[in-house]
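Enquirer: Sharing a model prediction with you, sequence too.
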Amino acid sequence: MANLSVVCFKVLHVIMLAAGKSQRFGSPKQIASLNGQPLIVKALAPFFEQQQLIANLDSFALVLGAYQQTIKKILPSYIKVHTGQDWQLGMGHSLSSAVKAAPKACNAVMVTLADQVALSRFDVCTLIKAYQQHPDRILVSEYAGQLGVPAIFPKHYFSQLGALTGDKGAKQIIEQYAKTLIRVPCSRAALDIDTVQDLAKLADLTSELD
């Protein structure tokens, strides 16, 4: 594996969205098990090593809403939780709330989803390295012909992130700047969990993903 460790003097804050009601899944998918491990714990793993954030990440917030008391019971003690304001109104509200609560010193936020449990440490580090090379540009994951999260937004986009509402989340900002942003290939980002069937398919692929 290539060495992607690069010293970065920009302050990067991670926002992981996990506030949804899991309506299509039928139960709290954040605590559903994938090979004996809760999905939320598996989603957190690429960002931490020995209970510390990996290199070049400065802070982390897990955004909860629905089922938050149940989810908190299985979280590692070192995970900082942010309760999304008006999370019931959609992902846009949750993300807006989390961006407004981000550390004032941060220069950018990385937005990711808790149901993208196939992401690897390499995927996260590749996105960080691209940010270090283009600190003033939006950087997005490109997969299956789509642009999406994980994505990094520099500070001058915080006002737009903070104005988000409804269910679209960061997608509308990505679409607005599609011609100028940086695309980072990340095929594993396409593998998210919306239904019980998605979970079963991912379990079958685990040996290839780990």
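Expert: Great, that's in hand.
Enquirer: How about the residue nearest the centre of the chain, nearest residue that isn't a chain neighbour?
Expert: Nearest to the mean C-alpha position of the chain, by Cα atoms, centre = their mean, lies Thr112 at 1.3 Å. Spatial nearest neighbour of Thr112, excluding adjacent residues (Cβ to Cβ, 6 or more residues apart in numbering): Pro150 at 4.2 Å. Every residue, glycine included, has its C-beta placed from N, CA and C.
Enquirer: now for whichever strand or helix holds that neighbour, which elements pack on it?
Expert: Using DSSP states H and E, Pro150 falls within strand 146-154. Applying 3 or more Cβ pairs under 8 Å, 6 or more residues apart in numbering; DSSP states H and E, we find strand 146-154 packed against strand 108-113, helix 121-133, strand 139-143, helix 171-176.
Enquirer: Surely Leu202 is in a helix?
Expert: Yes: when classified by DSSP: H, G, I helix; E, B strand; the rest coil, Leu202 is found to be part of a helix.
Enquirer: so who does it touch?
Expert: Each residue near Leu202 by Cβ atoms under 8 Å, 6 or more residues apart in numbering is listed here: 34, 117-118, 191, 193, 209.
Enquirer: most surrounded residue in those?
Expert: Across the contacts of Leu202, neighbour numbers were computed from other Cβ atoms under 10 Å; Val117 holds the maximum, 28 neighbours.
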